[in-house]
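S.K.: fold the following.
(chains A and B)
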Amino acid sequence: MLRATVTVTLKNEVSDPQGHAVRDTLDNLHPGFAQRVRVGKILHIDLKESDREKARAELDKICREVLSNPVIEEYAFEIEEVTS
Amino acid sequence: MKAGVVVFPGSNCDQDCFHVLRNVAKVETEYLWHRDATIPSDVGLVCLPGGFTYGDYLRVGAMAHVSPIVRAVKEFAARGGFVIGVCNGFQILTESGLLPGALMHNDCLKFLCKTVPLKVERHAAPWTDFEGEVLRVPIAHGQGNYYIDPDGLERLQDNGQILFRYSDPDGDVSKETNPNGSVDNIAGITNEKGNVLGMMPHPERCSESELGNTDGLRIWESVLGHCR
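M.R.: Prediction:
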């Protein structure tokens, strides 16, 4: 079975209040550790499609359509064979 | 002419909008279900209400913007129909591309629930065809921080698409009067054509004298006056 792992992150120039909150907490717990924190998402999708190239093309479209918002986010993905 | 209020799973201001449209603004109003693929031909105004559609999962408005009703709303807007998105409705409109930009977590990291002054930047048909420099309208959101890149902001300004900005009670706009970090204090914008409005503040929550504030009713009456 093919499994896609999609990573969605905010564009570098977009501010990330969630990241700021996490960084502030890290500052409290471990002063001097973190300069900047950015919060993103990872989606694991087990595919019905078995053709890797077809899956790649369709997933790219889906990422732009719904999994990411191109105004503020970037995405990347990998597709790998896994045993379920 | 009728008004239509869209109901998604997780909408929670749909009944307030329905009530204000039907019982206060006195326009025949019906609910439109998120799975509906068409807007009835006698509907002239569609309202996307506030709430947490699809639990706000993935991103606010992400799942709603690919629902059948939003595809129908896009066609409706392309034909010139009037569309208002309030709060989560605004988030859905930006996700769908009907309005530019995006709405992000408030920069103060808090959910904001209070009445704020809004400077009316333009008095024009169809949404703000009334007098009055400043409205008082409640906000209630965690993700109302409007983002648009500098080129996009310039286009909004040049086209006169910015309708409402967070201000002080005298209409002065500054960093201090920005509750959530929105670019240029933006609280509400229209599309280029002007028939689609998205705003984070809730006009349906200030449309009756019983609630002590009828500023929101001016927006409903303005647009209804132009689609009747």
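
S.K.: all contacts plus neighbour counts: C-alpha atoms, from now on.
M.R.: Fine.

S.K.: for chain A, what is the nearest residue in chain B?
M.R.: Chain A sits closest to B:Asp107 of chain B, with a gap of 5.4 Å, by CA to the nearest CA.

S.K.: sec struct for that residue, please.
M.R.: coil (DSSP: H, G, I helix; E, B strand; the rest coil).

S.K.: report how many residues lie close to the spatially closest residue to A:Val37 that is not a sequence neighbour.
M.R.: Excluding its sequence neighbours, the residue lying closest to A:Val37 (CA to CA, 6 or more residues apart in numbering or on different chains) is A:Gly19, at 4.8 Å. A:Gly19: 15 surrounding residues under other CA atoms under 10 Å in any protein chain shown.

S.K.: for A:Gly19, give me its contacts.
M.R.: A:36-39 (CA atoms under 8 Å, 6 or more residues apart in numbering or on different chains).

S.K.: now do the SS call for it.
M.R.: With three-state DSSP as the basis, the three-state label of A:Gly19 is helix.

S.K.: run a quick neighbour tally on the residue in chain A positioned nearest to chain B.
M.R.: Closest to chain B within chain A is A:Pro17: 5.4 Å, counting by CA to the nearest CA. Neighbour count of A:Pro17, defined by other CA under 10 Å: 21.

S.K.: can you check the one 4 residues further on too?
M.R.: Close neighbours of A:Ala21, defined as other CA under 10 Å, add up to 17.

S.K.: next, count neighbours for the residue lying closest to the residue of chain A closest to chain B once chain neighbours are set aside.
M.R.: Among residues not flanking A:Pro17 along the chain, B:Asp107 sits closest, at 5.4 Å (CA to CA, 6+ apart). For B:Asp107, the neighbour count with other CA under 10 Å is 20.

S.K.: which residues sit in contact with B:Asp107?
M.R.: Per CA under 8 Å, 6+ apart, neighbours of B:Asp107: A:17, B:145, B:180-181.

S.K.: how about the helices in the chain?
M.R.: Because you didn't say which chain, this covers chain A. Ranges of helices in chain A, per DSSP state H, are A:17-29, A:52-62.

S.K.: wait, I meant chain B there
M.R.: Under DSSP H, chain B gives helices at B:14-19, B:68-78, B:88-96, B:150-158, B:215-227.

S.K.: what does chain A put close to chain B?
M.R.: Contact residues of chain A with respect to chain B, defined by CA under 8 Å from any CA of the partner chain, are listed as A:16-18, A:21, A:66-67, A:69, A:71-72.

S.K.: out of the residues you listed, which two sit at the greatest distance?
M.R.: The span of these, defined through CA to CA, is set by A:Ala21 and A:Val66 at 26.2 Å.

S.K.: ok, back up a step: from B:Arg71, how far off is the residue of chain A closest to chain B?
M.R.: Distance, A:Pro17 to B:Arg71, by CA to CA, to the nearest Å: 31 Å.

S.K.: same deal with A:Val14?
M.R.: In this view, A:Val14 and B:Arg71 are 28 Å apart by CA to CA.

S.K.: equivalent analysis for A:Glu78, please.
M.R.: 30 Å.

S.K.: again with A:Leu47
M.R.: With CA to CA as the criterion, A:Leu47 and B:Arg71 are 26 Å apart.

S.K.: repeat that for B:Ser174.
M.R.: In terms of CA to CA, B:Ser174 sits 37 Å off from B:Arg71.

S.K.: so for those two, which sits in the more crowded spot?
M.R.: B:Arg71 (18 against 13).

S.K.: tell me who's in contact with the more buried one.
M.R.: Contact partners of B:Arg71, counting by CA under 8 Å, 6+ apart, are B:37, B:65.

S.K.: ok, now B:Ala124?
M.R.: B:Phe130.

S.K.: send me the lowest-mean-pLDDT helix or strand in chain A as CSV with only the CA atoms.
M.R.: The helix or strand of chain A with the lowest confidence, counting by mean pLDDT, DSSP states H and E, is helix A:17-29 at a mean of 94. Output of helix A:17-29 as CSV, limited to C-alpha atoms (Å, rounded to 0.1, in the frame of the first residue of the first chain):
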residue,chain,number,x,y,z
PRO,A,17,1.0,33.4,16.8
GLN,A,18,0.9,29.7,17.7
GLY,A,19,4.6,29.5,17.2
HIS,A,20,5.1,32.5,19.4
ALA,A,21,3.1,31.0,22.1
VAL,A,22,5.1,27.7,21.9
ARG,A,23,8.4,29.7,21.9
ASP,A,24,7.3,31.7,25.0
THR,A,25,6.6,28.4,26.8
LEU,A,26,10.0,26.9,25.7
ASP,A,27,11.6,30.2,27.0
ASN,A,28,10.0,29.5,30.4
LEU,A,29,11.0,25.9,30.5
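
S.K.: just the buried residues of it, please?
M.R.: For helix A:17-29, the neighbour count (16 or more other CA atoms under 10 Å in any protein chain shown) marks A:17-18, A:20-24, A:26 as buried.

S.K.: try stretch A:32-44
M.R.: Taking 16+ other CA under 10 Å as the criterion, stretch A:32-44 shows A:37-38 as buried.

S.K.: all good on my end, thank you.
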